[in-house]
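In: Let's see this in three dimensions:
(one chain, ligands or ions: 1)
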Amino acid sequence: MSFASLRSSRQSKEAKSFVKRSTDSVSSPITTDRNSSNVVDDKLPSANSAYLVHYDGLHKALPPTLEIRTSSGSGRGLYAKKTLKAGFVLAAATPHVNVLSTSYLDSYCSNCCGPAPQSGLKRCTKCRTVWYCSSKCQTNDWALHKHECSALQRWASSAPSSDVSVPSDAIRCIARILWTQQKEGFDSAWTREINLMQSHRSSLPSSSFESHTHIAHSLVRYLGVSSPLELEPFGLKSAGDLVDLISRFTTNTFTLTTSSLTPIGVSVCPTIALTNHSCEPNAVIVFPWTSSSPTTQEPLMHLVAIKDIEPDEEIVTAYIDTTLPRDLRQLQLKETYNFTCSCSLCTRQLKVDPRASVWCPKSCGRTCPAPTEENSHTRCVECNAVLSSTDAVLDALRVGKEALDKATALQYKDPAKAKQLTTNMIPILTSARLTPSCHPLLAMTRLHQELLIASLPTSLTQEVLDDTIRTAGKYSAGLSALLPGGHPVRGVALAELGKLLAVDEPAPRTDAPAQQNTFPPSGPARLKLAYETLVRAHDELVVGFGADNGGGQVGREVREAIVSLEKELGMWTQGIKNVLEDSQVKIPRS
Ligand SMILES: C[S@@+](CC[C@H](N)C(=O)[O-])C[C@H]1O[C@@H](n2cnc3c(N)ncnc32)[C@H](O)[C@@H]1O
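Out: Numbering: from 1, shown residues only. Model (predicted):
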């Protein structure tokens, strides 16, 4: 596979791999105003004591395999009515609203959210802020964009500096909700479905006051009114209604991603927002972009089972990055969604959590729990060897977390500096004996891989390519210790590793037998590994992006890569056979 094909397969250098909700803050799981619109039908005799309920509008949009029930712990949720296999597309829905993040406005179509076609995107000549892939998309979007266009121009004219000349995706998304409600009608099914989403208005935590106030002020300015009291034409009759809307947005919004999980914006989909959270999810939300010409279709949000699901089992997705250790996960869930997670992963007593683990000091092959400030005494779970270098490990963990935050902040502004940081930090974390799945080494490795791929020179050297492959290998290994088979993040990581292995080697090593145990191998062994990795990736992708979707766009790319590798390997085999036949040399049996 050529180096160019590797690059073109990457839609963006901004690859942040986790599908999650992109919200800021929330509060308690259930509110009285939301319940008032429910009709409790009957009590189900299920172990989790959930109740079957009908919500005007939302249940109609559900496939017959799912139903909405409510439980005291987590409010409404989606439940399976029959056995559903891993890879089954549980629901596919066109989101009510999709909005691109500011940095992607000039590289994706603002109507269909597809990538720029070969001919490039066309910019709206009035606001000069949003871009479209075709006049058809521009025309389709005009009913909403005509309001947005003047709002964007007004906002830009009063912006204090060019870097804040476009409002955030959150503000643009909430405004689109309001304009659509005006267009569809305040009594329409569309508006009712938005209003059925959970609001935490009555129990907002004080930590979210600031962000809600900030959103409210920005929204008022963007809509061109002078105070929240002038929002009545948008159906907001009181400041409380505005808080409701902002809370609904923050609690229920998803990250819009590309087919390879790059986050590019925000998405609102009331039906799929009914899924509750677990750090050990049995389902994921993806945008597989299965259409052969994705730029002509709206993105479809798919809820896909990644494990076999039993009848009456709740469908749960992860709202946050589940590769984080428990304390960080709990902090994020509390801050953003205002609940304490009591999922199986959070409540299970693990001897050692791979997210916070270091290798045995005696190198027996097993691990110890990473030391913490509260508990620095730690020993190997297998051979009991005591970790004596706890201060060094604690230092490495602290410095590593700081460096990760800094490198993440710098990755687009100054990628060279970010790469310098990750390059320096990874050996420090590795020599402190952190395992590849340990935080922050896993996240640092992922960022390093992104930075390496984004900066691959056109004239690639063997050293740079091999270094990138080693990083991708470590990232994949770390993920495999944490995420179940079939998780789309694993599939995409394996696909990237396989594609890197398949890139034509600039200077294949000729001392292959001596290098047998080195990674990555060279020559035919490398091609074989590329092939095996891509086949594994494909197996995972057809689960994570849905079997009916053929693993989505990434699955299709991987299939194409597999076919071309099969041809290449076939040529190798034939070539070796010919040489052997010519020279009458026998192929050794082992
Ligand atoms: C997107 S909504 C999910 C649907 C929501 N339960 C409803 O009734 O509309 C997210 C909210 O659901 C609640 N929630 C989700 N998962 C939960 C869990 N595992 N435990 C407790 N509450 C949860 C939290 O209040 C969270 O802010």
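In: need the residues of the chain near the ligand, please.
Out: 26, 28-29, 73-77, 198, 251-252, 273-274, 276-278, 337-339, 341 (CB under 6 Å from any ligand atom). Yep, even glycine has a C-beta here, placed from its N, CA and C like the rest.
In: Only whichever of these are buried, select them in PyMOL.
Out: Selection of buried members from the residues of the chain next to the ligand for PyMOL, criterion 16 or more other CB atoms under 10 Å:
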select buried, resi 26+29+74+75+76+77+198+251+252+273+274+276+277+278+337+338+339+341
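In: among the residues of the chain next to the ligand, which are in helices?
Out: If you go by DSSP state H, the residues of the chain next to the ligand have Thr251, Asn252, Tyr337 in helices.
In: which residues touch the closest residue to Leu541 other than its chain neighbours?
Out: Of all residues not flanking Leu541 in the chain, Gly551 sits nearest, at 3.4 Å (CB to CB, 6 or more residues apart in numbering). In this structure, Gly551 makes contact with Pro288, Gly491, His538, Leu541, Val542, Gly544, Phe545, Val558, Arg559, judged by CB atoms under 8 Å, 6 or more residues apart in numbering.
In: Check the secondary structure at the residue in the stretch 451-590 of the chain positioned nearest to the ligand for me.
Out: Among the residues of the stretch 451-590 of the chain, Pro484 lies nearest to the ligand; the distance is 18.0 Å by CB to the nearest ligand atom. Here Pro484 is coil, with the state taken from DSSP: H, G, I helix; E, B strand; the rest coil.
In: if we can go back for a sec, export the ones in helices among the residues of the chain next to the ligand to CSV and tack on pLDDT?
Out: Converted to CSV, those look like this (pLDDT from 0 to 100):
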residue, pLDDT
Thr251, 91
Asn252, 94
Tyr337, 86
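In: Let me know the closest of the residues you listed to the ligand.
Out: Closest to the ligand, out of all of those and judged by CB to the nearest ligand atom, is Tyr337, at 3.7 Å.
In: roughly how far apart are that closest one and His212?
Out: 14 Å (CB to CB, to the nearest Å).
In: got it, and Arg69?
Out: 30 Å.
In: Please apply the same query to Ser206.
Out: Distance of Ser206 to His212, given as CB to CB: 11 Å.
In: what about those two, which has more around it?
Out: Neighbours per residue, other CB atoms under 10 Å: of Ser206 and His212, the larger number sits with His212, 20 against 6.
In: where does the spatially closest residue to that one that is not a sequence neighbour land in three-state SS?
Out: Spatial nearest neighbour of His212, excluding adjacent residues (CB to CB, 6+ apart): Ile246 at 5.1 Å. Following three-state DSSP, the label given to Ile246 is helix.
In: pLDDT weak spots in the stretch 401-550 of the chain?
Out: Applying pLDDT under 70 to the stretch 401-550 of the chain picks out residues 512-516.
In: For the residue of the stretch 451-590 of the chain closest to the ligand, the count of nearby residues, please.
Out: Neighbour tally, Pro484, other CB under 10 Å: 16.
In: and what of Arg379?
Out: So Arg379, with other CB under 10 Å, has 14 neighbours.
In: and it, what does it touch?
Out: Contacts of Arg379 were listed using CB under 8 Å, 6+ apart, and they are Cys368, Ala385, Val386, Leu387.
In: Out of these, the closest to the ligand would be?
Out: Of the contacts of Arg379, the one sitting nearest to the ligand (CB to the nearest ligand atom) turns out to be Cys368, at 30.0 Å.
In: Can you pull the phi and psi angles for that closest one?
Out: Dihedral pair for Cys368: phi -120, psi 150, per degrees, to the nearest 10.
In: Same question for the one 3 residues further on.
Out: Backbone dihedrals for Pro371, given as degrees, to the nearest 10, come out at phi -70, psi 150.
In: That one is in contact with Asp395, isn't it?
Out: No - using CB atoms under 8 Å, Pro371 makes no contact with Asp395, being 10.6 Å away.
In: the more surrounded of these two?
Out: Pro371 (20 against 13).
In: Please, where are all the strands along the stretch 201-350 of the chain?
Out: With DSSP state E, counting those that start in this stretch applied, the stretch 201-350 of the chain shows strands at 254-257, 263-268, 276-277, 283-286, 301-305, 314-317, listed in chain order.
In: Take the second one, keep the C-alpha atoms, and write them as CSV.
Out: So that's strand 263-268. Coordinates of each C-alpha in strand 263-268 appear next as CSV, following Å, rounded to 0.1, in the frame of the first residue of the first chain:
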residue,chain,number,x,y,z
PRO,A,263,-15.1,14.4,16.7
ILE,A,264,-16.2,17.1,14.3
GLY,A,265,-19.2,18.7,16.0
VAL,A,266,-22.3,18.2,18.1
SER,A,267,-25.5,16.3,17.4
VAL,A,268,-29.0,16.2,19.1
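In: Quick check: which helices or strands does it pack against?
Out: Strand 263-268 sits against strand 97-100, helix 169-184, strand 254-257, with contacts defined as 3 or more CB pairs under 8 Å, 6 or more residues apart in numbering; DSSP states H and E.
In: Now tell me which helix or strand of this protein has the poorest mean pLDDT.
Out: Every helix and strand of the chain was ranked by mean pLDDT, DSSP states H and E. The lowest is helix 32-35, at a mean of 24.
In: Same question for stretch 320-339: list its buried residues.
Out: 320-326, 328-330, 332-333, 336-339.
In: tell me which of those residues is nearest to Pro361?
Out: Pro325 (20.6 Å; CB to CB).
In: contacting residues for that closest one?
Out: Residues counted as contacts of Pro325 (CB under 8 Å, 6+ apart) are Asp353, Arg355, Ala356, His439.
In: Mind picking the one among those that's closest to Lys122?
Out: His439 (43.1 Å).
In: How many neighbouring residues does the closest one have?
Out: The burial count for His439: 25, using other CB under 10 Å.
In: what's the answer for the one 5 residues further on, then?
Out: By the measure other CB under 10 Å, the count of residues near Met444 is 25.
In: these two touch, right, it and Thr422?
Out: Yes - in this structure, Met444 is within contact of Thr422 by CB under 8 Å, at 5.6 Å.
In: Please identify the helix or strand for the closest residue in space to Gly185 that isn't next to it in sequence.
Out: Computed as CB to CB, 6+ apart, the closest residue to Gly185 that is not its neighbour in sequence is Thr191, at 6.7 Å. For Thr191, the element it lies in under DSSP states H and E is helix 189-195.
In: what's Pro95 sitting at in phi/psi?
Out: phi -60, psi 150.
In: Surely it is in contact with Val268?
Out: Yes - counting by CB under 8 Å, Pro95 does reach Val268; the two are 5.8 Å apart.
In: Those two: who's more crowded?
Out: A direct count of neighbours by other CB under 10 Å for Pro95 and Val268 places Val268 higher, at 26 against 23.
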